[in-house]
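> Provide a 3D model corresponding to the input given below.
(2 chains)
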Amino acid sequence: MIKFAKILILSFLMLMLPLTYINASENNQKIEELNVREFILEHVSDSYEWHIASLNNRHISIPLPIIIYSSLSGWHVFMSSAFHHDPVHEGLYIAKEGKYKNKIVEKNSSGTEIKPFDISITKNVFSLLFGSFLVIFLIMKVAKSYQKHGYKTQTGFMSFMEMIIMNINDDVIKPCIGKGYKPYAPYLLTVFFFIFVNNLLGLIPIFPGGANVTGNIAITFVLSIVTFLIVNISGSKEYWREIFWPDVPLWLKIPIPLMPVIEFVGIITKPFALMLRLFANMLAGHSLILGLTCLIFISVKFGLAGNAGMTALSIVFSVFIDFVELLVAYIQAYIFTMLSAVFIGLAKIEPHHKPLSPK
Amino acid sequence: MSLLTPDSGLLFWMFISFGIVVFILTKYGFPIILKMVEERKAYIEESLLMAEKARFELNSVKAEGENILSLARKEHTKILNEAAEFKILLVNEAKQKASIEADKIIADARVQILAEKEEAIRDIRRQVAELSIDIAEKVIRGNLVNKSEQMNLINRLIDEVNISKS
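Got it, this is the predicted structure:
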């Protein structure tokens, strides 16, 4: 009951926050139209600095290092705050529109915009590095604890970690790969924790969380490329035979290799689906929460009562979606690991039946 | 659609950081954890088996002990019974022996008494004979003063001898 009352009070306080904000903005007579699409896209995509808040047209953000190699002017290393004073720094500037929108570009001698080699520590890179460090720290701590305790049962957080690790190992990796699953278990567990931790970090709205790391196609691309390589390197003879000479009527294989082509495309679509699934799920989750938050600001023009109602609704839905996202964070990591394991298991098949004799 | 085109910088950092994560965790992280859990599982299984075995052994030892105890108890009563029987036997035997001994002693005594009695009788007879010879001597010495009488006696004696011989 006390818990419930606490939640009620908290949500009421949260309800009050936007109201005070609206009053302030109404006094200024400066309600600007909010472009929801731009707003969401800006938040889910990468940026060169970590934007925290905007107050009275002043942006508060954490500057991040920019590392650029330009074929024209060599290496450039500086903090992103340099752009605050001068939009053009050392000949580099952030494109406002065009092909390289929101990316750092420079102009070559003929005046066209080109994109230099850019390995800046952006918001996503920073979050990615932080997440990677966190994963390593977490798992190494568990490993250390095992070395220290030996056969003794783990307690507290370590036993929780053991539960997750053994759940993935015994209920996902083992049955999906089958015999000879052991060499793949460490990699698949790493993938699981890497995705899971980065998913969870994305749900934390304050620094250093909140970046849309696993909802970025580059991240899921690398993850699925590695899985693709492992699957095909561990492919058995039977696996390749079923791709290039599947058990189908002969006319499907000769003279037009219809089935082999379809099977070959299947090799690529599997990791492609992995990449898109994780990317789209995480991106959609972030967009949903941002959209629900935008509801508060859109409904300002409905007047005080309408705005208050929409705010309450938005908070209720946001809380609900946040819980769903917690679930999704786990499920997506789980599914990526499971499907990777299934693909590896499929690539390791042994000849299980005699090839159909041509009739 | 900038969302669907992977950014080269992010790709670069992802390759590096994910590579490091995979390298460290697949070399120093998960293998240790999985190995330890596996070893612990084996250890627990073995311990359970051993405990089961120990319990079984304990039960058998207990049964054996009880068996031994009951055997010992049986032996104990058997020995006691035997001892009691033996005692009775011993006493009977002793009694028998004693009675035999006593009989023997009595018989011996009787024999000795008899012998002594005969000795005494013999002694008396001898003395009587000597006495009678003495008396006879004296009597004869008195009677044989004349020759005729001496002849009479001799004849009588010869007669007597003859009679006893015939």
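> so which elements touch the host helix or strand of A:Ile298?
Per DSSP states H and E, A:Ile298 falls inside helix A:258-298. Here helix A:258-298 touches helix A:36-44, helix A:185-203, helix A:217-233, helix A:237-244, helix A:303-347, going by 3 or more CB pairs under 8 Å, 6 or more residues apart in numbering or on different chains; DSSP states H and E. For the C-beta atoms, the positions are set from N, CA and C on the backbone; glycine is no exception.
> what's the mean pLDDT across that helix?
In this model, helix A:258-298 carries a mean pLDDT of 89.
> now the angle from it to helix A:217-233?
Orientation of helix A:258-298 against helix A:217-233 (axes from the mean of the first three to the mean of the last three CA atoms, to 10 degrees) gives an angle of 160 degrees.
> returning to that earlier point: now the helices and strands packed on helix A:258-298 in CSV, please, with extra columns for mean neighbour count, mean pLDDT and distance to chain B.
As requested, the helices and strands packed on helix A:258-298 are arranged in CSV below (neighbours: other CB atoms under 10 Å in any protein chain shown; pLDDT from 0 to 100; distance: least, CB to the nearest CB, whole Å):
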stretch, mean neighbour count, mean pLDDT, distance to chain B
helix A:36-44, 15, 80, 8
helix A:185-203, 24, 92, 4
helix A:217-233, 21, 92, 4
helix A:237-244, 15, 85, 23
helix A:303-347, 18, 91, 12
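> what sits against the nearest residue to A:Ala329 once chain neighbours are set aside?
Closest residue to A:Ala329 in three dimensions, ignoring its sequence neighbours and counting by CB to CB, 6 or more residues apart in numbering or on different chains: A:Asn199, at 3.5 Å. The neighbourhood of A:Asn199, defined by CB atoms under 8 Å, 6 or more residues apart in numbering or on different chains, consists of A:214, A:282, A:328-330, A:332-333.
> again with A:His43
Residues near A:His43 by CB under 8 Å, 6+ apart: A:212, A:286, A:290.
> at 6 Å instead, please
By CB atoms under 6 Å, 6 or more residues apart in numbering or on different chains, the contact set of A:His43 is A:Leu290.
> which strand or helix spans the residue nearest the centre of chain A?
Central residue of chain A (CA atoms, centre = their mean): A:Thr214, 1.0 Å from the mean position. Using DSSP H and E, A:Thr214 is not contained in any helix or strand.
> how near is it to A:Ile165?
To A:Ile165, A:Thr214 is 20 Å away according to CB to CB, to the nearest Å.
> and what of B:Phe12?
Counting by CB to CB - B:Phe12 and A:Ile165 are separated by 30 Å.
> now do A:Ile195
The gap separating A:Ile195 from A:Ile165 is 14 Å, by CB to CB.
> again with A:Gly74
A:Gly74 is 46 Å from A:Ile165, by CB to CB.
> who's more crowded, those two?
More neighbours surround A:Ile165 than the other of A:Gly74 and A:Ile165, with 21 against 9 (other CB atoms under 10 Å in any protein chain shown).
> what helix or strand does the more buried one sit in?
A:Ile165 belongs to helix A:156-168, assigned by DSSP H and E.
> so how far is the helix holding A:Ile298 from its chain's centroid?
10 Å (CA atoms, centre = their mean, to the nearest Å).
> and stretch A:92-108, by the same measure?
With CA atoms, centre = their mean, you get 24 Å for stretch A:92-108.
> that stretch: which residues count as buried?
By neighbour count on 16 or more other CB atoms under 10 Å in any protein chain shown, the buried set for stretch A:92-108 is A:92-94, A:100, A:103-106.
> from those, pick the one nearest A:Arg277.
A:Lys103 (26.3 Å; CB to CB).
> pLDDT score assigned to that closest one?
At A:Lys103, pLDDT is 81.
> now for it: which residues touch it?
By CB under 6 Å, 6+ apart, the residues touching A:Lys103 are A:Ala95.
> what does A:Ser127 give?
When contacts are counted by CB under 6 Å, 6+ apart, A:Ser127 touches A:211, A:213.
> mind doing that once more with 10 Å?
For A:Ser127, the contact set (CB atoms under 10 Å, 6 or more residues apart in numbering or on different chains) comprises A:46, A:50, A:198, A:201-202, A:204, A:207-214, A:216, A:219.
> ok, which pair from the residues you listed is furthest apart?
Farthest apart among those - using CB to CB - are A:Phe207 and A:Ile219, which lie 19.1 Å from each other.
> what's near enough to touch residue 35?
Reading this off chain A. A:Asn35 touches A:41-42, A:294, counting by CB under 10 Å, 6+ apart.
> chain B, not that one
A:143, A:146, A:182.
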